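Peer 1: return a 3D structure for these sequence lines:
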Amino acid sequence: STIDSIYNDVWKIEDGKRILHYTGMGQEGDQSLDFAQNKTLAESEINKVDIYLFSNDKPNSYQYEGIVKLCACPYISQQKDKKGNMRNVYIFPLELL
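Peer 2: Modelled structure (predicted):
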């Protein structure tokens, strides 16, 4: 099992590739692409930042999965925030390299 989270990250197979649809940062209200990690991730092809993926299935336990890249444009989805209110979140399609 995995740790309870407000983020709804999902692995999908697309064109034979395993793609993580990763929910951006921000636990309350609508998310933005204009600051912090969301901006860095959205601009990762331009800013050339390496993106390292870690998973965790229990508190304080992380496993390195590898380097990922943004493989499609981020898109908006609806998810509940930490207070249970629906809000807009950014989903980043990430391909494991």
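
Peer 1: report the beta-bridge partners for the spatially most central residue of the chain.
Peer 2: With distances taken as Cα atoms, centre = their mean, the residue of the chain nearest its centroid is Tyr22 (2.4 Å). According to DSSP bridges, Phe92 are recorded as the beta-bridge partners of Tyr22.

Peer 1: wait, isn't it in contact with Leu96?
Peer 2: No: contact between Tyr22 and Leu96 fails when scored by Cβ atoms under 8 Å: they sit 11.2 Å apart. (C-beta placed from N, C-alpha, C; glycine too.)

Peer 1: show me what the least confident helix or strand in the chain by mean pLDDT is packed up against.
Peer 2: For the chain, using mean pLDDT, DSSP states H and E, the weakest element among its helices and strands is strand 51-58, scoring a mean of 91. Contact partners of strand 51-58 among helices and strands, from 3 or more Cβ pairs under 8 Å, 6 or more residues apart in numbering; DSSP states H and E: strand 61-70, strand 86-96.

Peer 1: what angle sits between it and strand 86-96?
Peer 2: 110 degrees (axes from the mean of the first three to the mean of the last three Cα atoms, to 10 degrees).

Peer 1: could you give the angle of strand 51-58 to strand 61-70?
Peer 2: Angle of strand 51-58 versus strand 61-70, following the same axes, to 10 degrees, is 150 degrees.
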